[in-house]
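Chemist: structure here, sequence nowhere to be found:
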């Protein structure tokens, strides 16, 4: 199925590593030009070079997405450079405190993760949407998480922020739909990568007294498909929602988790 995205312009936040880098490469492979936002521009540089090698136009933009004024200025610079923004993908986010109950979580810890996981996408959409509305075209994809669909003890701050991102997605979908702007959310479950292999799996192995291979298999057994998602799985779902093949989808949450959230 052809996605027909060649020559479009996408703004992607958090593109330096993991699923953000995989999403960035996937868009470049589809012929999309890129504006890559992040605080650490040096970390983004290798991914940017990969995409330029595919023949894409790529600009790396230093920006703290929790700073509304910085976001406004960065988006204005992209519009001036590229002439338009067709797609916005909000990947940038954090994990917040792990293993703390709600009463153990400090106000500062809670505020920090909510500011990043909810405030960042809010500032980005608020800045980008008027440009899309003016052209009567746009695709916005927020990257959430399945803990924002089922909740999770010991992850209250993170879970709250991702639940809030779902509300933000649905509200913006209603407000922007009349201008032909789609707003959707991809919700990854656990993703097989450095954190899974160096933290999640070893911790489970130590706790249960089993090998790391057995721990990885037990983790996968929690999912209907009996496998853990990859960065490329998340990228594929994001790419689809950002294409016009998904023209009739807006305000939806798509869990990409092998069936965990559905069970």
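Modeler: Noted; the coordinates are in hand. Only a predicted model underlies this, so the values are computations on that prediction, with no experimental measurement involved.
Chemist: contact partners for residue 150?
Modeler: Counting by C-beta atoms under 8 Å, 6 or more residues apart in numbering, residue 150 makes contact with residue 261. Any C-beta I mention is one placed from the backbone N, CA and C, and that applies to glycine too.
Chemist: by mean pLDDT, flag the weakest helix or strand of this structure.
Modeler: helix 194-195 (a mean of 80; mean pLDDT, DSSP states H and E).
Chemist: what are the contacting residues of that one?
Modeler: Identification of contacts with helix 194-195 by C-beta under 8 Å, 6+ apart yields residue 18.
Chemist: do stretch 92-108 as well
Modeler: Under C-beta under 8 Å, 6+ apart, the answer for stretch 92-108 is 13-14, 20, 37-38, 65, 109-110, 112-113, 116-117, 120, 143, 153-158, 161.
Chemist: can you tell me which of those are in strands?
Modeler: Judged by DSSP state E, strands contain the following of these: 13, 37, 38, 143.
Chemist: moving C-terminal of the least confident helix or strand of the chain, what's the next helix or strand?
Modeler: Where DSSP states H and E defines the elements, the next helix or strand beyond helix 194-195 is helix 201-208.
Chemist: quick one on the thing from earlier: of the ones in strands among the contacts of stretch 92-108 - the most surrounded one?
Modeler: Using other C-beta atoms under 10 Å as the neighbour criterion, residue 37 leads the ones in strands among the contacts of stretch 92-108 with 31 neighbours.
Chemist: for residue 3, helix, strand, or coil?
Modeler: Classification of residue 3 using DSSP: H, G, I helix; E, B strand; the rest coil returns coil.
Chemist: what sits closest to residue 218 if chain neighbours are left out?
Modeler: residue 204 (6.8 Å; C-beta to C-beta, 6 or more residues apart in numbering).
Chemist: nice, that's everything, thank you.
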